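Peer 1: Sequence and predicted structure, then a few things I'm wondering about:
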Amino acid sequence: MKKHVLLFLVLTLILTAVVPLAGCGSGVVINVFNWGEYMDESLIDEFEKQTGIKVNYKTYATNEELLAKMEAGGSSFDVVFPSDYAISEMIKRDMLLEIDFSNIPNFKYIDEKLKNPEYDPENKFSVPYFWGTIGILYNTDMVDDPVDSWDILWNPKYKGQILMKKDVRDSLGAALKKLGYSMNSTNDNELAEAKALLLEQLPLVNGYYGDEIRDFIANGDAAMALTYSGDAMDLYWEGFENISYGVPKEGTNVWYDSMVIPASSKYKKEAEMFINFMLDPDVAFRNSEAMGYTSPNTEAIKRMREEYPEVFELPAYWPDEEIIEKSDVYVDLGEYKAKYNDILTQILVD
Amino acid sequence: MQRRGRGRIAYPYVVWMAIFIVVPLFLILFYSLTEGDIHNIKDLKFSLNSYNRVLEPIYLKVIGNSFLLAGISTLICLIIGYPVAMIIANTDIKYRNLLLMFFLVPIWMNFLLRTYAWMSLLSPNGLVNRFLLWIGLPKLEIMPGKGAVLLGMVYNFLPFMVLPIYTVLSKIDKHVIEASNDLGGNSVTTFMRVILPLSIPGIVSGITMVFLPAVSTFVISGLLGGGKTPLIGDLIEQQFLSSRNWHFGSSLSIILMIMILISMAVMSRIDSSPEEERRKI
């Protein structure tokens, strides 16, 4: 613990010392803070050349890490890429600046269905970047049943071959959805039922992991795992032919990662220029092509359909419309966040 | 005069300590004793709620697990580490440094990297199991589990047991051992009555240096234990990152610190008692 605080203090000190200095140069420097391996970084060079604005690009691993860093203060970010529920929490707590959409003409390319989402109902703060689902990543050599329902994660046939996600929203969410409840449930009875279901599943589960899941599945260490569609797309582009991804018919979580401007931003206009640049049809296409995630940009999707028609057969890239209708977008749980976390701790300690 | 001069050299360190150790410690204490929105100091109220929460059975179980696993891994480190330290200390001085190097080189590598390496060795389809299958033996199903967590801890912390014991052993005056032999003590008696008592300070600092990081470790259990044996370190990390409940995280840290302080006090008592005996002689 001491280490954490120390590290955080040292970082704060360094950041406060370095950031203003960095801004002193001739041009403006914007701080872009994104998920790891989530942007074709050659696009950044292009943006710098086009606009003369320098980009200081850094990465994080979880929404919680991003929130913790924004909360800690002392550093200013200009564009960050939180997911749905994190955005609704940021809006609630006044951590974001309203975007001036007249500076973002390319917003017109965003799919109409993805505008005014639940987490930002009037679409004042966020611009979608990529979207995807949560589902079951599996090894076709090891699984011979159809993977189209959450039930398979509870199938005793695969004892010791199942990996769960060490993220309470995802794991508990899968159980809630299997029971037919919302992944955003704040009903204590429903949560207790879901918890019992995960406890019942525990003997079948090999382990609860984070980002290691992708490598375990690729390596054949386990037959199936609860994970993000992004992991499936990664392995698909890398050429793993025996790895597949199923989206449960009961519905799942649909996630959106969006670009937002934190309240601490000093260069709002430049940040908006960056967001607009990322929405350029050609840039969005190349980014989606390089990263493999589904773009919310209609023009980019058009070009993807022309050049990679095969990915539209993959549920990881293009899930069924019907399933999406039955799915939930995470919302901020507020007070229930602690309850969810406790449930995971209780399951794992038992 | 000279003393005071030397004391002045320590000032930068004192200032450093004050800013980066004492102030954060008080911050943790402050957060652990309050509740409310951490961003709004006016909203914070004195409360012992987070300490009450630490006493809930599941958290006590996590703390118990942490101390148990740390204790077992310290014991294993001692059992493996002591003979190793003796071997190194008794080696010819020419090769001694080389042997020590072998022990130190792994510490130069990042701790996380070493743990990931174990993960790919021990995983169900990992190198160890592929080798076992190849020579026709059954698979080793150690990961994920407490066994793998223990292995990871012992591997990572063993050098911290070997080094202090080695230092003490290599400083033992050879004449003392010769004297014991001259007086008719065989090798067992010499070890039990001369070498072991003289090496107790090394054992004590070895135990402390292994036990402390082991009890508060947090990555090993997540990676090698499949998250199924959360330790207090994992719980604290979770409170500060995913739950973002600084109050509960702080009180867990304070409790951990108090328990570590108690174990250190116990250890230093053991350390000082033989010293007194020796003085009596």
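Peer 2: Thanks, I have the structure now.
Peer 1: Contacts for stretch A:100-120, please.
Peer 2: A:84-85, A:87-88, A:91, A:122-123, A:126-128, A:131, A:256, A:258, A:268-269, A:272-273, A:275-276, A:279-281, A:284, A:296-301, A:329, A:331-332 (Cβ atoms under 8 Å, 6 or more residues apart in numbering or on different chains). C-beta: built from backbone N, CA, C; applies to glycine.
Peer 1: Can you list which of the residues you listed are found in strands?
Peer 2: In strands, defined here by DSSP state E, the members of those are A:127-128, A:131, A:256, A:258.
Peer 1: those helices in the stretch 151-300 of chain A, which residues are they?
Peer 2: Along the stretch 151-300 of chain A, the segments classed as helices by DSSP state H, counting those that start in this stretch run A:168-178, A:188-201, A:213-218, A:229-237, A:268-278, A:281-291, A:298-307.
Peer 1: Go ahead and build a ChimeraX selection from the buried members of the contacts of stretch A:100-120.
Peer 2: Remark: buried members of those, expressed as a ChimeraX selection using 16 or more other Cβ atoms under 10 Å in any protein chain shown:
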select /A:84,85,87,88,91,123,126,127,128,131,256,258,268,272,273,275,276,279,280,281,284,296,297,298,299,300,301,329,331,332
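Peer 1: what's the first-to-last distance across stretch A:226-245?
Peer 2: End-to-end distance of stretch A:226-245 (Cα to Cα, to the nearest Å): 10 Å.
Peer 1: So is it next to chain B?
Peer 2: No - shown here: stretch A:226-245 not in contact with chain B (Cβ under 8 Å from any Cβ of the partner chain), separated by at least 12.8 Å.
Peer 1: Now do that stretch, average pLDDT.
Peer 2: In this model, stretch A:226-245 has a mean pLDDT of 92.
Peer 1: Pull out the CA atoms of stretch B:260-274 and give them to me as CSV.
Peer 2: This file holds the C-alpha atoms of stretch B:260-274, laid out as CSV (Å, rounded to 0.1, in the frame of the first residue of the first chain):
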residue,chain,number,x,y,z
ILE,B,260,3.4,-6.8,10.3
LEU,B,261,4.7,-4.6,13.1
ILE,B,262,3.6,-7.2,15.7
SER,B,263,5.3,-10.0,13.8
MET,B,264,8.5,-7.9,13.5
ALA,B,265,8.4,-7.2,17.2
VAL,B,266,8.2,-10.9,17.9
MET,B,267,11.0,-11.6,15.5
SER,B,268,13.3,-9.0,17.0
ARG,B,269,12.7,-10.5,20.5
ILE,B,270,13.9,-13.9,19.2
ASP,B,271,16.9,-12.1,17.6
SER,B,272,18.0,-10.4,20.8
SER,B,273,17.6,-13.3,23.2
PRO,B,274,20.6,-15.3,22.2
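Peer 1: That stretch vs chain A: in contact?
Peer 2: No - on the criterion Cβ under 8 Å from any Cβ, stretch B:260-274 is out of touch with chain A, staying 10.8 Å away.
Peer 1: Distance from that stretch to the middle of the chain?
Peer 2: 15 Å (Cα atoms, centre = their mean, to the nearest Å).
Peer 1: Pull the residues that contact it.
Peer 2: Contacts for stretch B:260-274 (Cβ under 8 Å, 6+ apart): B:197, B:200-201, B:204-205, B:207-208, B:211-212, B:215-216.
Peer 1: residues of that stretch that come out buried?
Peer 2: B:260, B:263, B:267, B:271.
Peer 1: Could you do stretch A:197-214 as well?
Peer 2: A:197-198, A:201, A:204-209, A:212-214.
Peer 1: I'd like to know which of the residues you listed is nearest to chain B.
Peer 2: A:Gly207 (2.1 Å; Cβ to the nearest Cβ).
Peer 1: Which residues are in contact with the residue nearest to the closest one when sequence neighbours are not counted?
Peer 2: Leaving aside its chain neighbours, A:Gly207 sits nearest to B:Gly226 (2.1 Å; criterion: Cβ to Cβ, 6 or more residues apart in numbering or on different chains). Listed by Cβ under 8 Å, 6+ apart, the contact set of B:Gly226 reads A:205-209, B:143-145.
Peer 1: What about those, which are in strands?
Peer 2: Going by DSSP E, the strands hold A:205-209 from the contacts of B:Gly226.
Peer 1: okay if I get the residues you listed as a markdown table plus pLDDT?
Peer 2: Converted to a markdown table, the ones in strands among the contacts of B:Gly226 look like this (pLDDT from 0 to 100):
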| residue | pLDDT |
| --- | --- |
| A:Val205 | 93 |
| A:Asn206 | 91 |
| A:Gly207 | 91 |
| A:Tyr208 | 92 |
| A:Tyr209 | 91 |
